[in-house]
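**Student:** next comes the sequence, and after it the predicted model I'd like to discuss.
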Amino acid sequence: MDPATGQKKQVRVGFYDIEGTIGKGNFAVVKLARHRIVKSEVAIKIIDKSQLDETNLEKVYREVDIMKQLHHPHIVKLYQVMETKNMLYIVSEYASRGEIFDYIARYGRMSEPCARTTFAQIISAVEYCHSTGVAHRDLKAENLLLDAQMNVKIADFGFSNRFAPGERLSTWCGSPPYAAPEVFKGKHYSGPEIDVWSLGVVLYVLVCGALPFDGSTLQSLRDRVLSGKFRIPYFMSTDCESLIRKMLVLEPCKRYTIPQIKRHRWLGGACDQVRTSPPSAVPPALQEPNEQVLRVMQSIGIDVARTREVYYRRLGAEQQLRSLRRH
Ligand SMILES: CC1(C)C(=O)N([C@H]2C=Cc3c(O)cccc32)c2nc(Nc3ccccc3)ncc21
């Protein structure tokens, strides 16, 4: 509080005013923030680097590097990274409706048509990740966020890693109820297969509103997963059951791949309707500065022509650059 005015002091990070806390981690907090001029909402993950050991610091930088290369309508966009000696500020897209997990906890299981649309968006995003050589490795309902239009936004690439065909990973990753049997067995694996197992668990959660494998102890959960047995509720369609059974296959090499999932009759081509052309990767704060913004920028002495030039060069919009130069 500002003692003089008694007003709540506006906390600012760069061009953004902090408006509230969305989530808290060990050494990170995620804040909702709004751009001071264009008023767009973003989420800012604020990390105290001084509290992290070498391994976790390396993990944070790997997550940022991976997020920088991902551009897909159903993956949370990374807009900007600001860094000081001790702090890291990661400015990302804000998914205003929060976790799918909370959505299901509040409204119950999804109808299969709704689950189909949602799952098709998730599949499209994971297929895109794998095409860039990235496996998420921590897919779960808690990391699948929803935006204001109920579109999926995959978040939290903290466990993700690059994989190369033939290369095997071994780190124990992800959340136990979503972890593949080979991960429980401590076997080596390549990323895509464990993502497919987790997606099978995710689909079950969307349609049933419960986990296929659960247990009061890690050991009992492990036994359930390694048995490969799970209950099919009366309301699940045979097509949905068929797809889930092809994803929750114990043998990684017999498990469905993403292309096979997309062709399955339960999805019925829903994946082809997913908007896959990544929208302009330019975040709201860096979009075409509108007249009001330009007036403010002019009033504080910013060279507007130069700003436009930087903006167009960033977009690689050669034709605008040429027209700009013609003026
Ligand atoms: C920057 C980024 C990607 C992020 O790190 N988080 C955190 C924060 C909370 C949380 C979670 O509960 C689950 C996953 C990721 C996260 C974000 N949360 C949101 N929306 C939201 C809105 C209401 C409730 C929960 C999440 N949008 C973007 C992000």
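**Tutor:** Looks like it came in fine.
**Student:** tell me the contacts of G20?
**Tutor:** By CB atoms under 8 Å, 6 or more residues apart in numbering, the contact list for G20 reads 31-32. The C-beta positions use only the backbone N, C-alpha and C, and glycine is treated the same way.
**Student:** relative to E41, how far out is it?
**Tutor:** With distances taken as CB to CB, to the nearest Å, G20 is found 11 Å from E41.
**Student:** anything in contact with each of those two?
**Tutor:** Going by CB under 8 Å, 6+ apart, residues that sit against G20 and also against E41 are L32.
**Student:** surely S198 forms part of a strand?
**Tutor:** No - under the criterion used here (DSSP: H, G, I helix; E, B strand; the rest coil), S198 is helix, not part of a strand.
**Student:** the nearest residue to P212 once chain neighbours are set aside: which element?
**Tutor:** Leaving aside its chain neighbours, P212 sits nearest to F230 (3.7 Å; criterion: CB to CB, 6 or more residues apart in numbering). Taking DSSP states H and E as the definition, one finds F230 inside no helix or strand.
**Student:** tell me how many other residues surround F230.
**Tutor:** 19 (other CB atoms under 10 Å).
**Student:** my read is that it contacts M247, right?
**Tutor:** No - using CB atoms under 8 Å, F230 is not in contact with M247; the gap is 11.4 Å.
**Student:** show me the strands in the chain, by range?
**Tutor:** 12-13, 16-24, 28-35, 41-48, 78-83, 87-92, 98-99, 134-135, 144-146, 152-154, 161-162 (DSSP state E).
**Student:** report the beta-bridge partners for the residue of the stretch 51-200 of the chain at minimum distance from the ligand.
**Tutor:** The nearest approach of the stretch 51-200 of the chain to the ligand comes at G98, 3.1 Å away (CB to the nearest ligand atom). Residues in a beta bridge with G98, per DSSP bridges, are L146.
**Student:** what about it, how many neighbours?
**Tutor:** G98 has 15 neighbouring residues, counting by other CB under 10 Å.
**Student:** pipe the strands of the chain into CSV and attach mean pLDDT and distance to C271 per row.
**Tutor:** Listed next are those as CSV, based on pLDDT from 0 to 100; distance: least, CB to CB, whole Å:
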stretch, mean pLDDT, distance to C271
strand 12-13, 88, 37
strand 16-24, 94, 30
strand 28-35, 94, 30
strand 41-48, 95, 27
strand 78-83, 94, 25
strand 87-92, 95, 25
strand 98-99, 95, 23
strand 134-135, 92, 19
strand 144-146, 96, 16
strand 152-154, 96, 13
strand 161-162, 68, 24
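**Student:** as CSV, these with distance to L243 would be great.
**Tutor:** Shown next, in CSV, are the strands of the chain (distance: least, CB to CB, whole Å):
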stretch, distance to L243
strand 12-13, 43
strand 16-24, 32
strand 28-35, 33
strand 41-48, 32
strand 78-83, 32
strand 87-92, 31
strand 98-99, 23
strand 134-135, 21
strand 144-146, 18
strand 152-154, 18
strand 161-162, 26
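**Student:** mind checking which of these is nearest L226?
**Tutor:** Among the strands of the chain, the nearest to L226 by CB to CB is strand 134-135 (21.6 Å).
**Student:** so what are the sheet partners of that closest one and their directions?
**Tutor:** Sheet pairing for strand 134-135, using DSSP bridges, gives strand 161-162 (antiparallel).
**Student:** quickly note the distance from the nearest residue to L226 once chain neighbours are set aside to R224.
**Tutor:** Spatial nearest neighbour of L226, excluding adjacent residues (CB to CB, 6+ apart): P181 at 5.3 Å. According to CB to CB, P181 stands 10 Å off from R224.
**Student:** again with H71
**Tutor:** From H71 to R224 the distance is 38 Å (CB to CB).
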